[in-house]
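Participant: Sequence and predicted structure are below.
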Amino acid sequence: MVKQTIQIFARVKPPVRKHQQGIYSVDEDEKLIPSLEIILPRDLADGFVNNKRESYKFKFQRIFDQDANQETIFENIAKPVAGSVLAGYNGTIFAYGQTGSGKTFTITGGAERYSDRGIIPRTLSYIFEQLQKDSSKIYTTHISYLEIYNECGYDLLDPRHEASSLEDLPKVTVLEDPDQNIHLKNLTLHQATTEEEALNLLFLGDTNRMIAETPMNQASTRSHCIFTIHLSSKEPGSATVRHAKLHLVDLAGSERVAKTGVGGHLLTEAKYINLSLHYLEQVIIALSEKHRSHIPYRNSMMTSVLRDSLGGNCMTTMIATLSLEKRNLDESISTCRFAQRVALIKNEAVLNEEIDPRLVIKRLQKEIQELKDELAMVTGEQRTEALTEAELLQLEKLITSFLEDQDPESRLEVGTDMRKVHHCFHHLKKLLNDKKILENNTVSSESKDQDCQEPLKEEEYRKLRDILKQRDNEINILVNMLKKEKKKAQEALHLAGMDRREFRHSQSPPFRLGNPEEGQRMRLSSAPSQAQDFSILGKRSSLLHKKIGMREEMSLGRQEAFEIFKRDHADSVTIDDNKQILKQRFSEAKALGESINEARSKIGDLKEEITQRHIQQVALGISENMAVPLMPDQQEEKLRSQLEEEKRRYKTMFTRLKALKVEIEHLQLLMDKAKVKLQKEFEVWWAEEATNLQVNSPAVNSLDHTKPFLQTSDSQHERSQLFSNKSSGGWEVQDQGTGRFDVCDVNARKILPSPCPSPHSQKQSSTSTPLEDSIPKRPVSSIPLTGDSQTDSDIIAFIKARQSILQKQCLGSN
Ligand code: ADP
Ligand code: MG
């Protein structure tokens, strides 16, 4: 058992604006516990606290200042936890802090650079690397990804995500067994046999989470996400299985409700979040106070799920993420205070060992059988005295009649007395030995008689001896041949084994490297995992296609608007950069692949050459009647060293290619994610602009009778249903006199794009409204603008593009 208080670390995010001097200082004296001092400027202190305290000091295990990179965070915080998880202990790392302080950046990573990958991908990489190194145990790894939003649990890896939206899926619920163990119903566990499979699951979950998010519901700041790696290990042949769980938790933003200060829907959410974190705080207070018998874990889903991580069987680490800018100082102080309380909690982590019931059953069955046998033989009382003379006689009689009995079914019945059983065996053995001696005597006397009668002739004897010698020679030759054959076969097997290992990944067609833009994936893994990879990739890409590929369904004007939006979006630079890097990596991988193939064929050639030389030498030996030299000649030595060199080169390149593959996969996933984000933002912008135009200009209303960006046949159906149920509570259906309806669920997470034409109105407008009427009558400059010059120029550009297209269309149709 390991007793340990929860480890607390602080990470300070680099400021968005120029560094504001003197707000905080980090004291990392080697001898003392590191401390973080937050200094309140006088003006803030006045309003903030009554006693006008100006500085606050908090102690942490370590403080990572702005310049700490992701690698440092992983090495210092996550690696030790991953290490203890590999040893069989439960582990939890959770990030706590206000929105924007870097929780997601720390736990999952930044969405831009490969070097920005966070604790989850790095931990996966580390764990799989360690598992590969350790061949003494059999490991299995499973992944689950849970999101808790408004006290409801959602499975981010539910395969039904593609078909339905998050809130239509069965909710994950907490169940408690009589031993107070927590079980999560409806949370799927996915086996991951490689790092790539696990990484794909992470990105799948993240994408699902992002897609479920709507502008009114920035769930990522209001929901908790728990990525869990479930690891079990077993030594071969042993009945003991070890289970360990590693929770990597990205908590909701910790900002207080007072600051959120928004009405309606958002307030409900803020209240929930606050409640959820409030319950976490209560649990932590209860745990940090001595002599508290009741800990209110059951008050919220998150504290139930993380019950073991808080004051239980787990090694837990907290990262307080801080955004130390002037306006965030009160939140930062509150985060640090929370951390100080957390640091008081003591956990007791134990090895979670379990006996495999199947193996135990086998062992017990064997034992039962043995006991049954014994019981059948033993009458129950211990007998120590020897058998009587009469009993012995009786037994011998029984044995004699048993032996004489011709019936094969006859049995020797001596009862359950072990002494009698043993005596029977002894007696039988004696009889057998006596018989053998007798037989030997008769054989030797007979042969003696024969010798006397017919002595072997000298000539015949010699002949036989010659034949024997000849046969002996033949046997020797054959044995030698066999030995050589066996050795050859073994060598071939060994080489084949090596080849399989080395070439497994490069069978023909050896390296198919596609154009990154076409989304082709480089696949190097072995066949079974390849199939799995494809299934996961397929799942992901079909999901992404479903979400991204909808652009194909966009109208021309909308596509144009999207192109403009994309061009001016800040992320496009990153996407382009990543594209460039990806291209570079691809061509590097391609070149490496080619070199590997070259090396491979060279290895083959060299092997072939060596074999040819062998054959030549043997042939030479036979024709000139010379023994084959034992030592390989110089030429062969040279070939062999070349072969070794080539193999080394092959291995080096292969290792590099493998690393490159991980990087390429990661970059592709990042780009996929960025694309979804861009499209989602476009969709939000589009909806906003359309609403603005609708509200401000009825003429512009009819501008768009194309399908809304995210509209699918499902949502259409859903909407028409809603339309018919418009009086049902919760849904608001507004007829704006334009044949359009705004439908939104006050409680649900999903917001339908607005404006959304009913199929009916769509049909009407496309048949009865002449196209010219669709062109806005007002000059572009009179359309209300947002004040944000970037957005405004986008709107203007978009409308201009739209006008010119429509005009062209009119001219064409006339
Ligand atoms: P949170 O999850 O706490 O709301 P994020 O992780 O989303 O915050 O961070 C907000 C923004 O700040 C993101 O754009 C992120 O990339 C950036 N960021 C956060 N921490 C760092 C850091 N240590 N270095 C660089 N950028 C960071
Ligand atoms: Mg976040």
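Facilitator: Thanks, I have it. Remember, it's a predicted structure, so these values are computed and weren't measured experimentally. Ligands and ions are numbered 1, 2, ... in the order given.
Participant: can you give me the helices for the stretch 401-550 of the chain?
Facilitator: Under the criterion DSSP state H, counting those that start in this stretch, the stretch 401-550 of the chain contains helices at 418-453, 458-503, 527-548.
Participant: Against which helices or strands is the longest one packed?
Facilitator: For helix 458-503, the packing partners by 3 or more Cβ pairs under 8 Å, 6 or more residues apart in numbering; DSSP states H and E come out as helix 634-696. Heads up, the C-betas are built off the backbone N, CA and C, glycines and all.
Participant: Could I get the contacting residues of residue 119?
Facilitator: 73, 74, 77, 78, 93, 106, 107, 108, 109, 248 (Cβ atoms under 8 Å, 6 or more residues apart in numbering).
Participant: Quick check, the first one in contact with residue 63.
Facilitator: Think residue 73. No. Judged on Cβ atoms under 8 Å, residue 73 makes no contact with residue 63 at a distance of 11.8 Å.
Participant: what sits in contact with each of these two?
Facilitator: With Cβ under 8 Å, 6+ apart as the test, residue 73 and residue 63 both reach residue 11.
Participant: and the closest residue to residue 118 other than its chain neighbours, what are its bridge partners?
Facilitator: Nearest non-adjacent residue to residue 118, counting by Cβ to Cβ, 6 or more residues apart in numbering: residue 109, 3.2 Å away. With DSSP bridges as the criterion, residue 109 is bridged to residue 117.
Participant: relative to helix 458-503, how tilted is the helix or strand containing residue 595?
Facilitator: According to DSSP states H and E, residue 595 maps onto helix 571-623. Angle of helix 571-623 versus helix 458-503, following axes from the mean of the first three to the mean of the last three Cα atoms, to 10 degrees, is 160 degrees.
Participant: Going forward, the N-terminal residue is numbered 43.
Facilitator: All set: I'll call the first residue 43, so the last point we hit is now helix 613-665.
Participant: Does ligand 1 have contacts with helix 613-665?
Facilitator: No. Helix 613-665 lies out of reach of ligand 1 by Cβ under 6 Å from any ligand atom, never closer than 10.6 Å.
Participant: Please work out the average pLDDT along that helix.
Facilitator: Computed over helix 613-665, the mean pLDDT rounds to 87.
Participant: What of stretch 380-390?
Facilitator: On average, stretch 380-390 scores 91.
Participant: Same check on stretch 53-65?
Facilitator: Averaged across stretch 53-65, the pLDDT comes to 78.
Participant: low-confidence ranges in the stretch 93-242 of the chain?
Facilitator: 93-95, 204-206, 208 (pLDDT under 70).
Participant: For it, which residue gets nearest to ligand 1?
Facilitator: In the stretch 93-242 of the chain, the residue that lies nearest ligand 1 is residue 144 (2.8 Å; Cβ to the nearest ligand atom).
Participant: care to break this protein down by domain?
Facilitator: 44-83+95-399, 611-662+678-730 (the TED database).
Participant: and those, which is most packed in?
Facilitator: Mean neighbour count (mean count of other Cβ atoms under 10 Å) peaks for domain 44-83+95-399 among the domains of the chain, with a mean of 18.
Participant: Between the two ends of it, how far is it?
Facilitator: From its first residue to its last, domain 44-83+95-399 covers 27 Å (Cα to Cα, to the nearest Å).
Participant: cool, and stretch 363-378?
Facilitator: End to end - Cα to Cα - stretch 363-378 spans 9 Å.
Participant: Can you give the contact residues for that stretch?
Facilitator: Residues from elsewhere that reach stretch 363-378, judged by Cβ under 8 Å, 6+ apart: 52-55, 57-59, 62, 65-66, 78, 80, 82-83, 86, 90, 98, 100, 137-140, 142-145, 148, 296-298, 301, 362.
Participant: likewise stretch 522-538?
Facilitator: Residues from elsewhere that reach stretch 522-538, judged by Cβ under 8 Å, 6+ apart: residue 649.
Participant: wait, residue 56 sits on residue 110?
Facilitator: No. The criterion here is Cβ under 8 Å, and residue 56 misses it with residue 110 at 9.8 Å.
Participant: just the contacts of stretch 363-378 that are near ligand 2?
Facilitator: Among the contacts of stretch 363-378, the ones lying near ligand 2 by Cβ under 5 Å from the ion are residue 145.
Participant: quick one: contacts for the residue lying closest to residue 692 once chain neighbours are set aside?
Facilitator: Nearest residue to residue 692, sequence neighbours excluded (Cβ to Cβ, 6+ apart): residue 641, at 4.3 Å. Residue 641 makes contacts with 688, 691, 692, 695, as judged by Cβ under 8 Å, 6+ apart.
Participant: okay if I get those residues as CSV plus pLDDT and distance to ligand 2?
Facilitator: Shown next, in CSV, are the contacts of residue 641 (pLDDT from 0 to 100; distance: Cβ to the ion, whole Å):
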residue, pLDDT, distance to ligand 2
688, 90, 50
691, 91, 45
692, 92, 44
695, 92, 39
